[in-house]
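Colleague: With the sequence up front, the predicted model follows.
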Amino acid sequence: MRRITVLGATGSIGDSTLDVVRRHPDRYAVHALTAHRQLDKLAERCIEFRPARAVVATAEAAATLRTRLAAAGLATEVLHGEAALAQVAADADADTVMAAIVGAAGLRPTLAAACAGKRVLLANKEALVMSGAIFMDAVREHGATLLPIDSEHNAIFQCLPADDPRYRAGVARVVLTASGGPFRTRDPATLHDISPDEACAHPNWVMGRKISVDSATMMNKGLEVIEAHWLFGAPVDRIQVLIHPQSIVHSMVAYADGTVLAQLGNPDMRTPIAYGLAYPERIDAGVSPLDLAAAGALSFEAPDLQRFPCLGLAFDALREGGVAPAVLNAANEVAVDGFLRGVIRFTDIAGIVARVLDSGPREAADTLDTVLAADAAARQSAAALIGAGASH
Ligand code: NAD
Ligand code: MG
């Protein structure tokens, strides 16, 4: 029986994870669930999965949840705050941690799980983008098992040799596929009028709002390029992005002999989640079988960096190295939040990220404090640009 902690249990990945867990009560039990604001949903999930611990953001929220769970006859211990997230991520009673908090907030708890030697199912790509070297060192040093949940990285992981899921001589390149999001073919002249709801209406995947906007700008693919670099040790010029609007081929690995291995499936995050949970076994994920005859044509095209400047910015940040990817990520989080709040336009996001990246700190990312300081400085710069309306 595996005991699982789900960080970010009320989100889109949290939902999919608990759906797979629900299908296999003989294999999985829930140790802890965490959420930021959605108390009702967390309470429901606790009542269904009966975790030993639950974590919310504030003392007030914890008191409310405690009362509700006690009334339902549960003995769940309710904690609150950032330190409690890291604490449950490292709890000795759990062996597996799903890291599905969105954004930089996920870094410390995900790192805590790695340092505790857990099987870490990594959905929170920001942890690797911000502090890839530190994170991968922690995984090695503490004997954690890192399984990528991001569908592209999960696909690449499945297509690399099982005995050594790292980039090596026989691998020519890793190819990340991207749907191109909702604006792949839209007239660029009309992009400045995009509303948050339009940007979040992804053609193939249902996801949280932040990652949905990132998919529309293709910053998501940029973050994934950085993620792939750290996960697989792939040099930046061996990472290729290919637009594939049908989202059936989830990514590929090209080998020196001309072989290309791809992983295919319906676009449903329960597939990579089930793979991560059961690895190296395979279990039912509740995903409908892939019907290629019904899917029809699969198409591919090179991404247009003029249309998607954020993708180019992410490659720049990875080439620059050091804290640049953390700066890129932080500026993007602030810009996307500004867009979702209606304060800036969709087309301002790339400009804000570019300006913060240009003027941002340039140190090596060798300690967590350096990374977090760069993250904070970039957030301030981005917020100042938004506040000043400088991007308009
Ligand atoms: P979401 O917005 O649906 O859910 C986010 C979860 O994180 C929620 O449970 C929320 O309560 C929690 N959370 C938010 N802010 C927090 C904070 N400050 N402190 C603690 N908890 C906080 O997001 P999602 O779509 O489920 O994505 C989660 C992560 O997985 C992201 O890093 C995303 O990039 C990655 N990911 C998601 C998908 C997908 O299909 N949704 C695919 C690949 C990767
Ligand atoms: Mg992805």
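Modeller: Done, it's in. Numbering: from 1, shown residues only. Ligands and ions are numbered 1, 2, ... in the order given.

Colleague: Please count neighbours and contacts with C-alpha atoms only from this point.
Modeller: Fine.

Colleague: Pretty sure Phe183 sits against Ser215.
Modeller: No: if you go by C-alpha atoms under 8 Å, Phe183 and Ser215 don't touch, sitting 9.5 Å apart.

Colleague: so who does whichever residue of the stretch 251-392 of the chain sits closest to ligand 1 touch?
Modeller: Residue nearest to ligand 1 within the stretch 251-392 of the chain: Met269 (5.8 Å; C-alpha to the nearest ligand atom). If a contact means C-alpha atoms under 8 Å, 6 or more residues apart in numbering, then Met269 has 13, 16, 149, 151 as its contacts.

Colleague: Let's see the pLDDT reported for the closest residue to the second one other than its chain neighbours.
Modeller: Spatially, and ignoring its direct neighbours in sequence, Ser16 is nearest to Arg270 (5.6 Å; C-alpha to C-alpha, 6 or more residues apart in numbering). Reading off the confidence values, Arg270 has pLDDT 98.

Colleague: just His392 next, same as before
Modeller: For His392, pLDDT reads 44.

Colleague: if we can go back for a sec, overlap in contacts, Phe183 and Ser215.
Modeller: Between them, Phe183 and Ser215 share no contacting residue, judged by C-alpha under 8 Å, 6+ apart.

Colleague: ok, which stretches of the stretch 201-350 of the chain are strands?
Modeller: 239-243, 249-255, 260-264 (DSSP state E, counting those that start in this stretch).

Colleague: Can you show me the helices along the stretch 51-200 of the chain?
Modeller: Along the stretch 51-200 of the chain, counting by DSSP state H, counting those that start in this stretch, helices occupy 59-71, 82-90, 107-115, 125-141, 151-159, 196-200.

Colleague: List the buried residues for the first one?
Modeller: Residues of helix 59-71 classed as buried by neighbour count (16 or more other C-alpha atoms under 10 Å): 61-62, 65-66, 68-69.

Colleague: Over to the shortest one?
Modeller: By neighbour count, and taking 16+ other C-alpha under 10 Å as the criterion, the buried residues in helix 196-200 are 196, 199-200.

Colleague: Over to stretch 235-242?
Modeller: Quick answer for stretch 235-242 (16+ other C-alpha under 10 Å): 235-236, 239-242.

Colleague: list the helices and strands the longest helix along the chain packs on?
Modeller: Ranked by residue count, the top helix of the chain under DSSP state H comes out as helix 368-387. Where contact means 3 or more C-alpha pairs under 8 Å, 6 or more residues apart in numbering; DSSP states H and E, helix 368-387 is packed against helix 125-141, helix 324-340, helix 348-359.

Colleague: where does the closest residue to Ala216 other than its chain neighbours land on pLDDT?
Modeller: Spatial nearest neighbour of Ala216, excluding adjacent residues (C-alpha to C-alpha, 6+ apart): Gly181 at 4.7 Å. Reading off the confidence values, Gly181 has pLDDT 94.

Colleague: re earlier: from the contacts of Met269, list just the buried residues.
Modeller: 13, 16, 149, 151.

Colleague: Skipping adjacent residues, who's closest to His250 in space?
Modeller: Glu152 (5.1 Å).

Colleague: State the number of residues packed around that neighbour.
Modeller: 25 (other C-alpha atoms under 10 Å).

Colleague: From Leu264, how far off is it?
Modeller: 10 Å (C-alpha to C-alpha, to the nearest Å).
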